[in-house]
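*Asks:* I would like the atomic coordinates for the input below:
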Amino acid sequence: MTTISTETDVKLPIEDLARAALEEASTNLGSDVVLLDTRNVSDFTDFFVIASGETDRHIDMMADRIERRVRELGMRRNAREGSGSGGWLLLDFPGFIVHLFNRETRSYYDLEGLWSQATEVVRLQ
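*Replies:* Numbers count the residues shown, from 1 in each chain. Next up is the predicted model:
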């Protein structure tokens, strides 16, 4: 089990932090929220959280709330790229990456298909 020391020096499994991000996306009405375990197919991250938002503002709001929730658990993001208005927003945390899309952009890039060898851990419709 991969763990990471957080800012508060609490050791949390990365999967627990990724699940917290997944739950926050779902709580904030993200659709088709999925957690992929990429440990066996990626050398740069352990998990992907992927979710769809309805509007630009919805995607930005989900990102803000996910970031706040993970920060409450003691971890800050490495980077934030994109925006809701661009159709794809990425939050890079140590050990996992959150991808928030509008439906059209998610379909176009098809990360689940691209990373089809990753293990799907959870999918919330």
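*Asks:* what about K11, how many residues nearby?
*Replies:* Using other C-beta atoms under 10 Å, the number of residues around K11 comes to 9. All C-beta spots, glycine's among them, are computed from the backbone N, C-alpha and C.
*Asks:* also F96?
*Replies:* 28.
*Asks:* and L36, by the same measure?
*Replies:* Using other C-beta under 10 Å, L36 has 28 other residues around it.
*Asks:* start at 141 instead
*Replies:* Sure, I'll start numbering at 141, so the last one becomes L176.
*Asks:* quick one: buried residues of the helix or strand hosting it?
*Replies:* Of the helices and strands defined by DSSP states H and E, L176 is found in strand 171-177. Neighbour-count burial for strand 171-177, counted by 16 or more other C-beta atoms under 10 Å, picks out 173-177.
*Asks:* quick one: the strands in the chain?
*Replies:* 143-145, 151-153, 171-177, 187-193, 219-223, 228-233, 236-242, 259-264 (DSSP state E).
*Asks:* now those in JSON lines, with distance to E163?
*Replies:* As requested, the strands of the chain are exported to JSON lines (distance: least, C-beta to C-beta, whole Å):
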{"stretch": "strand 143-145", "distance to E163": "18"}
{"stretch": "strand 151-153", "distance to E163": "14"}
{"stretch": "strand 171-177", "distance to E163": "9"}
{"stretch": "strand 187-193", "distance to E163": "10"}
{"stretch": "strand 219-223", "distance to E163": "20"}
{"stretch": "strand 228-233", "distance to E163": "15"}
{"stretch": "strand 236-242", "distance to E163": "12"}
{"stretch": "strand 259-264", "distance to E163": "9"}
